[in-house]
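Asks: Provided below for reference: sequence and predicted model.
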Amino acid sequence: MSPDPTSLSVLPAHELGAVRSIDDYAESAARYVTTGQRGAANTQRAYAGDWLRFTTWCQHHGRPSLPADVATLAAFVTSLADAGKKVATIQRHCAAISKAHQLARMPTPTDDRQFKELLEGISREKGVRQKQAPAFTLAYFKRMLLSIDTARPDGVRDRALLLLGLAGAFRRDELASIDIEHLRFDEDGLVVELPHSKTNQKGEAEEKAIFFAPDRRSCPVRAVKDWLDYLQQQGRTQGPLFVSFHKGQRLSRRRLSTFSLNELVQLRLGKQYTAHSLRASFVTIAKLNGADDAEVMNQTKHKTTAMIRRYTRLDNIRQHNAAHKLGL
């Protein structure tokens with residue numbers, strides 16, 4: 001038998017809880033909306049820098065930045081294009097300006113049809129192809145791994161970082177943010193929990209599986225275990241997984257930044273590569289070895305197959321070429 005809704009009115013006040021006014025809910029709702037609109041932390045930082053550039057430019061030219069009119073935005077974007085800025089950089093500035101207007105509940109000038117035609121003209125003239133992080137071959141990667149001196153603590157760390165970064169197809173901020181508590185070992189290998197990522201802003205459960213490799217020298221699970229053994233010897237059983245060293249190989253408590261992580265990859269693999277090359281190389285190597293898009297996306301957490309195609313670096317015309325399958 002369902003309870004009588006009217007019976008709620010006779011419950012003691014302490015069982016009903018404190019009564020909130022409609023204004024209280026409105027304030028919370030506004031906060032949730034703002035949080036949802038802001039986006040990822042890295043995106044916020046990039047937008048903040050772009051917005052500062054725009055407001056400084058507006059101040060210099062005596063134009064209001066919020067709200068900005070179409071003529072002001074068009075002149076700003078033209079100045080960026082004439083200064084040689086890439087199309088992707090110009091588009092990011094426009095996104096930052098649009099976001100600022102959205103958060104202020106003001107119409108954004110980026111929606112104007114003529115302004116969109118201006119952007120299209122800039123894109124056609126300058127080209128939209130972005131410089132992408134190059135991918136390496138598996139043979140090259142293994143050769144570079146073998147050159148790392150694992151008698152040094154930083155060598156143990158770097159080997160674990162490179163192998164985990166490749167096997168997990170991690171973004172650099174994901175790799176830098178891993179804590180020891182995010183790791184779970186079992187008989188099949190390792191599962192890494194991602195509390196937050198670029199495609200997981202709500203903190204929903206997201207995990208990556210890392211498997212044992214036959215060759216111990218290139219096994220990501222064993223490499224991470226070796227690094228954890230060293231950390232445990234130093235009394236570290238929680239906190240950041242990848243940390244920096246002081247001079248003399250003295251372990252610090254400072255988490256490796258994304259900038260330091262990028263430098264580390266270039267030190268170990270070569271200046272032509274970046275931390276993002278680990279992720280791009282995962283996609284390329286997996287595709288060359290016959291993985292389908294669904295398998296790749298299960299690890300990279302991409303949402304569309306179009307992004308997988310964009311990430312696949314098949315620069316050699318003999319790679320992944322249907323001419324092999326003609327049967328001649």
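Replies: All right, it came through fine.

Asks: was I right about T237 contacting I180?
Replies: Yes: using CB atoms under 8 Å, T237 is in contact with I180, at 6.6 Å. Every C-beta, even on glycine, is put in place using the N, C-alpha and C of the backbone.

Asks: of these two, who's got more company?
Replies: I180 (15 against 10; other CB atoms under 10 Å).

Asks: what sits against that one?
Replies: Going by CB atoms under 8 Å, 6 or more residues apart in numbering, I180 touches L228, L231, R236, T237, Q238, G239, P240, L241.

Asks: could you dump those residues to a markdown table with distance to T55, pLDDT and secondary structure?
Replies: Shown next, in a markdown table, are the contacts of I180 (distance: CB to CB, whole Å; pLDDT from 0 to 100; DSSP: H, G, I helix; E, B strand; the rest coil):
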| residue | distance to T55 | pLDDT | secondary structure |
| --- | --- | --- | --- |
| L228 | 46 | 97 | helix |
| L231 | 44 | 97 | helix |
| R236 | 43 | 95 | coil |
| T237 | 46 | 94 | coil |
| Q238 | 42 | 95 | coil |
| G239 | 38 | 95 | coil |
| P240 | 35 | 96 | strand |
| L241 | 38 | 97 | coil |
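
Asks: may I see the PyMOL selection of the buried members of the residues you listed?
Replies: To isolate the buried ones among the contacts of I180 in PyMOL, judged by 16 or more other CB atoms under 10 Å, type:
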select buried, resi 228+231+236+240+241
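
Asks: what do T237 and I180 both touch?
Replies: Joint contacts of T237 and I180 (CB under 8 Å, 6+ apart) are L231.

Asks: so E207 touches E193, yeah?
Replies: Yes: under the criterion of CB under 8 Å, E207 makes contact with E193 at 5.4 Å.

Asks: just checking, what packs against the helix or strand containing Q299?
Replies: Following DSSP states H and E, one finds Q299 within helix 293-300. In terms of contacts (3 or more CB pairs under 8 Å, 6 or more residues apart in numbering; DSSP states H and E), helix 293-300 is packed against helix 276-288, helix 305-311.

Asks: ranking the ones you listed by mean pLDDT, which is last?
Replies: Here the lowest mean pLDDT among the helices and strands packed on helix 293-300 goes to helix 305-311, at a mean of 61.

Asks: where does R255 fall, phi/psi-wise?
Replies: In terms of degrees, to the nearest 10, the main-chain angles of R255 are phi -60, psi 140.

Asks: burial measure for it, as a count.
Replies: With other CB under 10 Å as criterion, R255 counts 17.

Asks: and the spatially closest residue to it that is not a sequence neighbour, what are its bridge partners?
Replies: The shortest distance from R255 to any non-neighbouring residue, by CB to CB, 6 or more residues apart in numbering, is to P240 (3.8 Å). Under DSSP bridges, the beta-bridge partners of P240 are D179.
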